[in-house]
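Undergrad: got a sequence here, can you model it:
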Amino acid sequence: MTKAEKVGGSSYVTIALCFFVAILEGMDLQSVGIAAPGMAAAFALSPSMMGAVFSASILGLLPGALGGGWLADRVGRKLVLIGAVILFGLFSIATAHAWDLNSLLAARFLTGLGLGAALPNLIALSAEAADIRSRGTAVSVMYCGVPLGGALAALVNMAGFSGGWKVVFYVGGIAPLLLVPILWLFLAESSAFRKHQGRQAASPLAARASLWNCLFSNGAAMPTLLLWVSYFFTLMVVYMLLNWLPSLLVGQGFSRPQAGIVQILFNIGGGIGSLLMGLLLDRWRPLGLVALTYAGILAALAGLGMSSSFESMMLAGFAAGFFAIGGQLVLYALAPLFYPTEVRGTGVGSAVAVGRLGAMSGPLVAGQMLAMGTGAAGLLLASAPGIVVAAGAVFYLLGQRRAEAVTA
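TA: Numbering: from 1, shown residues only. Sure, this is the predicted structure:
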């Protein structure tokens, strides 16, 4: 038995290590949005150009999630996660050394590739470390590291180091590389994956045939497509806020320090929301939790668009993080329930990848709308229909699942 299997065999160790990776992922995911004002000034970027920079890393998330999930079902969650951490660490550092718009876009795309590959494996490892009754809690504990990492990035940026906007990318790149040896030594491979490897070795043809069947055949197509719809529209709004919130606040007349405080509250709200939503998911009826979540997102969007005082904006920012990032967590916690071990990485990865399409379109559309003179209120109002569609897809999915459980 290896050292990793002895120490990392504990589900607590697995979730803790995934939590620390999630912190670093969250830091890198939000680094561009937090560094945007300084970066735009350094490269003389217009709002539409900044939208392209935001979307470059998100574009990398899409093939990263698909490829990372697919590889994880074949070579293991641990190896793919470590490779992903190395990738986004190296190219976060490369972002600080970009010399023009094209090099900046390339660095962000490759950073996104690593970030995208990491997330399906973090979800799969956390879900498979817990029993089925505690999977929502396990995934939520892991995922609350993402908004906390975003808050850490905002704190690094507010500290005002001499490196300016580049510092957040240095910290977001060096820290993951320092974590890699710890992951190698102490993170054990998922026991569910190891068991699946044994079954696959005994019957490789059956294992290959199950991939299509689990994703798109025998009644599985509808859950898969509904997850994709809900992921797309929810992540569209989340990533619009992650990337554009500081700039929107500055455009509304708030100072950059005030915008930084609201960004920190957004991420703290996201961390608390992620943890609480995951705990409630294992205890409440999922339909009621989803209704609360998406109603909260709509209310928070209205608050961000209509708040005129700094105090009310702080409250709206906290609520937006609580419900938007918490709602994203609910989706991440639900997805593993619909896929067996042999395709869980691929299934979750495919949903995350489709969500990345929404995440990529959110900043781009926001950049174009702002370039045309649309104010923050109009932009946030335009996000509401997508949230309604996402809520409807999840409602239908959970309703069908409940009906099947009753008739079973």
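Undergrad: what strand or helix carries residue 68?
TA: helix 47-75 (DSSP states H and E).
Undergrad: who does that helix touch, helix- and strand-wise?
TA: The contact analysis (3 or more Cβ pairs under 8 Å, 6 or more residues apart in numbering; DSSP states H and E) places helix 47-75 against helix 11-43, helix 77-96, helix 101-129, helix 221-251, helix 341-371. In this view, the C-beta of every residue, glycine as well, is placed from N, C-alpha and C.
Undergrad: quick one: closest of those helices to residue 271.
TA: Of all the helices and strands packed on helix 47-75, helix 11-43 sits nearest to residue 271, with 8.9 Å by Cβ to Cβ.
Undergrad: OK, contacts around residue 67?
TA: 116, 117, 349 (Cβ atoms under 8 Å, 6 or more residues apart in numbering).
Undergrad: which residues touch the first one?
TA: Residues near residue 116 by Cβ under 8 Å, 6+ apart: 60-68, 84, 352-353, 356.
Undergrad: rewinding a little: mean confidence score for the helix holding residue 68?
TA: Averaged over helix 47-75, pLDDT sits at 81.
Undergrad: and that helix with helix 11-43, angle?
TA: With axes from the mean of the first three to the mean of the last three Cα atoms, to 10 degrees as the basis, helix 47-75 and helix 11-43 are set at 150 degrees to each other.
Undergrad: of the contacts of residue 67, just say which sits nearest to residue 189.
TA: For these, the nearest to residue 189 is residue 117 (16.3 Å; Cβ to Cβ).
Undergrad: okay, now the closest one: neighbour count?
TA: Neighbour count of residue 117, defined by other Cβ atoms under 10 Å: 30.
Undergrad: quick revisit: list the buried residues in the helix holding residue 68.
TA: The neighbour-count check on helix 47-75 (16 or more other Cβ atoms under 10 Å) flags 47, 49-73 as buried.
Undergrad: gap between that helix and the chain center?
TA: 11 Å (Cα atoms, centre = their mean, to the nearest Å).
Undergrad: what's the answer for stretch 384-400, then?
TA: Centroid separation for stretch 384-400 versus its chain: 19 Å, with Cα atoms, centre = their mean.
Undergrad: residue 50 and residue 164, how far apart?
TA: Going from residue 50 to residue 164 by Cβ to Cβ, to the nearest Å gives 16 Å.
Undergrad: repeat for residue 48
TA: Separation of residue 48 from residue 164 (Cβ to Cβ): 23 Å.
Undergrad: do residue 56 as well
TA: 21 Å.
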